[in-house]
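Asker: okay, structure incoming, though there's no sequence with it:
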């Protein structure tokens, strides 16, 4: 956990020893405590982890993330911890990798993103700009010609479908999310 001006950043280890799927069993309680404390300090929480929350109890694409039976109660508790009294929505943001593609969605009212990888097509990484009123995610593409050769080649994975699957929608890569009024 790191506090910067106007934001609490929580790094979560969701890895397991033998499987691709993740877990919140070790880190979940500590994340909730850190988020509740940040809410008392009137600052939003930014959680970053390797695994995305799966919406279904069984994986419907590869690689698997946090099992839904863990993710659902975790995000519900995180939303409660990050919703200031009288606020309409939680002041939290969750981002992950693992899938090496770009997606934007919500779990229990918390904005969640999956971010691409510099080593796989399209060769991207995300940066964040924090404002008093919200947070902006900006995705950049690696631009070195020798690297672009590799990332373009890796777009041919999964019978060429990776080139369509991984970039996601532009609105899932670069966007602004507003915190609750007063945060």
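Answerer: Cool, the structure landed. Quick caveat, the model's predicted, so the values are computed rather than measured.
Asker: wait, residue 66 touches residue 50, no?
Answerer: No - Residue 66 lies out of contact with residue 50 (CB atoms under 8 Å); the separation is 9.6 Å. (Glycine included, C-beta is placed from N, CA and C.)
Asker: the more surrounded of these two?
Answerer: With neighbours defined as other CB atoms under 10 Å, residue 66 and residue 50 compare such that residue 66 has more, 26 against 15.
Asker: bridged to that one, which residues?
Answerer: Counting by DSSP bridges, residue 66 forms beta bridges with residue 53.
Asker: residues contacting it?
Answerer: Neighbouring residues of residue 66 by CB atoms under 8 Å, 6 or more residues apart in numbering: 14, 21-24, 51-54, 74.
Asker: what do you get for residue 41?
Answerer: Contacts for residue 41 (CB under 8 Å, 6+ apart) come out as residue 8.
Asker: now the nearest residue to residue 55 once chain neighbours are set aside: how far from residue 49?
Answerer: Excluding the flanking residues, the one nearest residue 55 by CB to CB, 6 or more residues apart in numbering is residue 68, at 6.2 Å. Look at residue 68 and residue 49: by CB to CB, to the nearest Å, they are 15 Å apart.
Asker: three-state assignment of the residue nearest the centre of the chain?
Answerer: In the chain, the residue lying closest to the centroid (CA atoms, centre = their mean) is residue 95, at 1.3 Å. At residue 95, secondary structure determined by DSSP: H, G, I helix; E, B strand; the rest coil is strand.
Asker: for it, give the beta-bridge partners.
Answerer: Residue 95 has these beta-bridge partners by DSSP bridges: residue 48, residue 113.
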